[in-house]
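Engineer: how does the following fold in three dimensions:
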Amino acid sequence: MTVVLENGRRQFDYWLTVYKRTWKGSLVSSFLLPLLYLAAMGIGLGSFVDDNGTGALGGVSYLQFIAPGLLASTALQIAVGESTYPVMGGIKWQKFYFSMIATPLRPADVMYGQLVFIAFRVFTTCLVFLAVIAAFGGLGSAWGLLALPVALLTGMAASAPVCAVATRLENDSGFAMIFRFGVVPAFLFSGAFFPVSQLPNWIEWLAYLSPLWHGVELSRDLSLGTVELLPAVGNLAYLTAWFAVGTWLAVRGLTRRLIS
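Structural biologist: Numbering: from 1, shown residues only. Okay, the predicted model is just below:
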């Protein structure tokens, strides 16, 4: 266990060193775009929604309704972005994964380090976003601070399976399918902008299968102070299962790709 932790720490140091040189390029996608969504949808559109009554939203303002959903959605988008091209780059283009396993590092250590760095990216982005949400009055309860670890888990629940897919692709054309048929529909139809109960029944059940819906639902319940134990445990268990299975598949996929 000590060896695994030490190898993981070394991997994280590598990715942190790389990020110190490239962090400016992520400012728009990581911080500016979520803030623009919050301002445009939560404050701009929200003023019109609130003027017409908030009964359909349980009596809360549209800003307080949408803010937790945007937090979880941002976590998912950052996580997926960091789990696609960077992973394939390590295998196919820059091939630095092969250099890593020429040291005492195992493929599993390489993947664990990659996931830890992705968690760092998700956490730091969501931390800033949560601070902005709080400043705009988007948190209805102090419990909303716990939406940060929930957003982190939501991001990792998406990141690990996408890493597993990335280790098995031969080129990056499959990433367009992930974003087009995975990320975008999840972003639009996982309850971030409106209750999924307003969707047709067959689409509503598809929304419940998405890990993002569970992250949005739990984040919103925490933010509004309406969280209940059993639903919360169910949401956490579902997200944890996605992360655990995805991590196992990602480690297997990278091991086969690097030692084949």
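
Engineer: contacts, neighbours, all on C-alpha from now
Structural biologist: Fine.

Engineer: so what's the residue count around residue 228?
Structural biologist: 11 (other C-alpha atoms under 10 Å).

Engineer: OK, contacts around it?
Structural biologist: Residue 228 makes contacts with residue 221, as judged by C-alpha atoms under 8 Å, 6 or more residues apart in numbering.

Engineer: quick check: it vs residue 143, distance?
Structural biologist: 12 Å (C-alpha to C-alpha, to the nearest Å).

Engineer: ditto for residue 159
Structural biologist: For residue 159, the distance to residue 143 - C-alpha to C-alpha - is 25 Å.

Engineer: of these two, give the one with the bigger neighbour count.
Structural biologist: Neighbours were counted for residue 159 and for residue 143 using other C-alpha under 10 Å; residue 159 has more, 30 against 17.

Engineer: the more buried one and residue 83 touch, don't they?
Structural biologist: Yes - contact criterion C-alpha atoms under 8 Å: residue 159 and residue 83 qualify, at 5.8 Å.

Engineer: any shared contact partners between the two?
Structural biologist: residue 118.

Engineer: can you list the low-confidence ranges for the stretch 151-260 of the chain?
Structural biologist: 260 (pLDDT under 70).

Engineer: show me where it has helices.
Structural biologist: Taking DSSP state H, counting those that start in this stretch as the test, the helices found in the stretch 151-260 of the chain are 173-178, 184-189, 201-209, 211-224, 229-258.

Engineer: what helices or strands is the fourth one leaning on?
Structural biologist: The elements that helix 211-224 packs onto, with contact taken as 3 or more C-alpha pairs under 8 Å, 6 or more residues apart in numbering; DSSP states H and E, are helix 62-83, helix 147-166, helix 184-189, helix 229-258.
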